[in-house]
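# After the sequence you'll find the predicted model.
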Amino acid sequence: MAKVGFQVLGNMRETVLGAAMGVAVAASMLVAAEVQAADQLPDYVIAEFGAPPAIPQGPLSKEVEDAVEVAFIDSMAQGGWGRDQTIALDVIAESKDPRLVWIISDLMRFATGPEFTSVLSGAAGTLLGKDLPNHNHWGIVTDHLIAWDIPAPPDYLEAKRAIFTNIVPGWDRIFVKGDIDWRHVSWGGVLIDDRPFDTTDDPCNCIPAADNPEVSSAEEATWLSDDAVVFGVEVNGEYRAYPRRIMEVREMVNDTLGGRDLGIPYCTLCGAAQAYFTDQMPLGVERPVLRTSGLLIRSNKVMYDITSNSVFDTFLGKAVTGPLAKRGIQLKQASVVTTSWGAWKAAHPETTVLVEDLALGRDFDFRNGRDANGPIFPVGDVDPRLPVHEDVIGIVTASGKPVAFQRSAAFVALNAGKEVAVENVRLALDAGGIKAVDASGADLGSHQAFWFAWSQFHPDTELWNG
């Protein structure tokens, strides 16, 4: 008999897979007619991924409901996979309901063992009409689901929650209903950072946020080379540089600058550092303390507030679950200028900068290393107007229109003395970087990101073309 199991905290939770394969009991009886979604998809999606399968509507049959319970929820509660689960998966594979592949994909993310992953991939391929190789193609399967916009099956969150919270118990506070598309949430391969505020000197088996980080003057920062990439922030005339070397290790900083509290996430996967104001909350709302959850949405980190356990859309700064979502909390942004340390300190010699010790002795360059060939996690389809890793400056105009400015083209135009503007937004050079201001020069809260990230969170974005 073959060993299979689920990946837990870097190890394997193993169980035995019954050698006998069950016979499917019955196909799902669909309440509504099948519909095709191909005519609703952009041509570039069909060209890359092919036409989607027929997608049923309505509830699952009782047979398939029971199969989902046995295959996914019971398997996680029991910590393993056996003959009953194999029979149930056969029922699911014969149901002709591609919506169920979302749950298969979730299980594939944690599955280990070649025989087990082959069984899951086979079921996913059958439902999607794809001939998948017999090993774990979680990324390929999930890319198709996202690109085709396959709907979630009924009671999807219940099944997904059972899978994820049995792997990492700390996620039980996060997997709740809200204004979040749970289909797109996946595991980033790290654990949740659930340390209380201002205890970030304590080690953790996670991506370690930094609270109230120690800083130095520019003159004291002799460890930082002039060509090192930094994220510059200005609040009320006070300037601070957050070196990329540190942010690639920490990914989240809770700081105070210019008399204002900030939460500063950096998503290494989407090339975006953002600065959110976390003070001046409505009456009765404590300052959000932002942490990394260990989860991703389309290759963008999922951040949450450890005080209320509310999840935020990291890219948009909007609370999407928990008490802060019920209060409608939307964090405002300060601009983040991506530039070199030499240019930033020359333009703002009074700047402070995070100290080298915060890098924990590490020196990564994810952009030119790990991510050099594109996103390493599923993102589905990407708007083809720009390459996936093209840098853009993103901003939402006063009318609510999202606009992306290709950074390289904007630099050329601004250095030639041309105006780069859309509606109330004007781009301005700042210390070797670019930020968005209004006609009076006031900060509008822009940031730099990879095109794939900006365009997927703002699918209707305008692209400035000069």
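That came through, no problem. Numbers count the residues shown, from 1 in each chain.
# Just say helix, strand or coil for Gly342.
Classification of Gly342 using DSSP: H, G, I helix; E, B strand; the rest coil returns helix.
# Tell me which residues touch it, please.
With contacts taken as Cβ atoms under 8 Å, 6 or more residues apart in numbering, Gly342 has the following neighbours: 226-227, 432. In short, each C-beta sits where N, CA and C put it, glycine included.
# which of those residues has the most neighbours?
Most neighbours among the contacts of Gly342, by other Cβ atoms under 10 Å: Gly432, with 18 neighbours.
# What residues does it make contact with?
Going by Cβ under 8 Å, 6+ apart, the list of residues near Gly432 reads 339-340, 342-344, 347.
# so what does the lengthiest helix in the chain touch, helix or strand wise?
Longest among the helix segments of the chain by residue count, using DSSP state H, is helix 114-128. With contacts defined as 3 or more Cβ pairs under 8 Å, 6 or more residues apart in numbering; DSSP states H and E, the packing partners of helix 114-128 are strand 3-8, helix 83-93, helix 101-110, helix 138-148.
# three-state assignment of the closest residue to Gly188 other than its chain neighbours?
Ranked by Cβ to Cβ, 6 or more residues apart in numbering and with sequence neighbours excluded, the top spatial neighbour of Gly188 is Leu296, at 4.5 Å. Under the three-state scheme (three-state DSSP), the conformation of Leu296 reads as strand.
# Now do the same for Leu296: its pLDDT.
Leu296 carries a pLDDT value of 95.
# Give me the distance between it and Thr338.
Applying Cβ to Cβ, to the nearest Å, the value for Leu296 to Thr338 is 22 Å.
# now swap in Gln85 and tell me
Applying Cβ to Cβ, the value for Gln85 to Thr338 is 48 Å.
# Would you mind measuring from Val403 to Ile393?
If you measure Val403 against Ile393 using Cβ to Cβ, the figure is 9 Å.
# Check Ala272 too.
From Ala272 over to Ile393 (counting by Cβ to Cβ), the distance is 11 Å.
# tell me the average confidence for the longest helix of the chain?
The average pLDDT for helix 114-128 rounds to 90.
# Now do the buried residues in that helix.
Of all the residues in helix 114-128, those buried under the rule 16 or more other Cβ atoms under 10 Å are 116-128.
# Please name the residues that touch Gly441.
Taking Cβ under 8 Å, 6+ apart as the criterion, Gly441 is in contact with Ala428.
# List the buried residues in stretch 361-374.
367, 371.
# Same check on stretch 156-164?
Counting neighbours by 16+ other Cβ under 10 Å, the buried set in stretch 156-164 is 156-157, 159-164.
# Can you tell me what sits against that stretch?
With Cβ under 8 Å, 6+ apart as the test, stretch 156-164 has contacts from 68, 72-73, 76-77, 102-103, 106-107, 110, 153, 171-172, 175, 177, 182-183, 185, 187.
# avg pLDDT for that stretch?
For stretch 156-164, the mean per-residue pLDDT is 93.
# Now do it: distance to the chain's middle.
Going by Cα atoms, centre = their mean, to the nearest Å, the spacing between the C-alpha centre of stretch 156-164 and its chain's C-alpha centre is 18 Å.
# got it, and stretch 94-109?
The gap between where stretch 94-109 is centred and where its chain is centred comes out at 21 Å by Cα atoms, centre = their mean.
# mind checking the end-to-end distance for it?
With Cα to Cα, to the nearest Å applied, stretch 94-109 spans 22 Å between its terminal residues.
# now swap in stretch 223-236 and tell me
First-to-last distance for stretch 223-236 - Cα to Cα - comes to 27 Å.
# ok, now stretch 393-411?
The stretch stretch 393-411 measures 11 Å between its terminal residues, going by Cα to Cα.
# hmm, back to that, out of the contacts of Gly432, which comes closest to Pro98?
Thr339 (45.7 Å; Cβ to Cβ).
# Val230 is in contact with that closest one, correct?
Yes. Thr339 is in contact with Val230 according to Cβ atoms under 8 Å; the separation is 6.4 Å.
# More neighbours: these two, which one.
Residue environment comparison for Thr339 versus Val230 gives the larger neighbour count to Val230, 32 against 22, counting by other Cβ under 10 Å.
# Please, which helix or strand holds the more buried one?
Element membership of Val230, judged by DSSP states H and E, is strand 229-235.
# Please name every helix or strand in contact with the following helix or strand past that strand.
Using DSSP H and E, the helix or strand that follows strand 229-235 towards the C-terminus is strand 238-243. The criterion is 3+ Cβ pairs under 8 Å, 6+ apart, and the helices and strands that strand 238-243 contacts are strand 229-235, strand 252-257, helix 341-347, strand 352-354.
# where does this protein have its least confident helix or strand?
Every helix and strand in the chain was compared by mean pLDDT, DSSP states H and E; the lowest is strand 11-16, with a mean of 29.
# before we move on, back to that, just the helices and strands packed on strand 238-243: most buried one?
Among the helices and strands packed on strand 238-243, strand 229-235 has the highest mean neighbour count (mean count of other Cβ atoms under 10 Å), at a mean of 24.
# what residues does that strand touch?
Outside strand 229-235, the residues that touch it by Cβ under 8 Å, 6+ apart are 224, 239-244, 247, 257-260, 262, 264, 266, 273, 275, 334-341, 344, 348, 351, 353, 430-431, 433, 443.
# Quick check: beta-bridge partners of the most centrally placed residue in the chain?
For the chain, Asn300 is the residue whose C-alpha lies nearest the centre (Cα atoms, centre = their mean; 2.2 Å). Here Asn300 shows beta-bridge partners Ile297, assigned using DSSP bridges.
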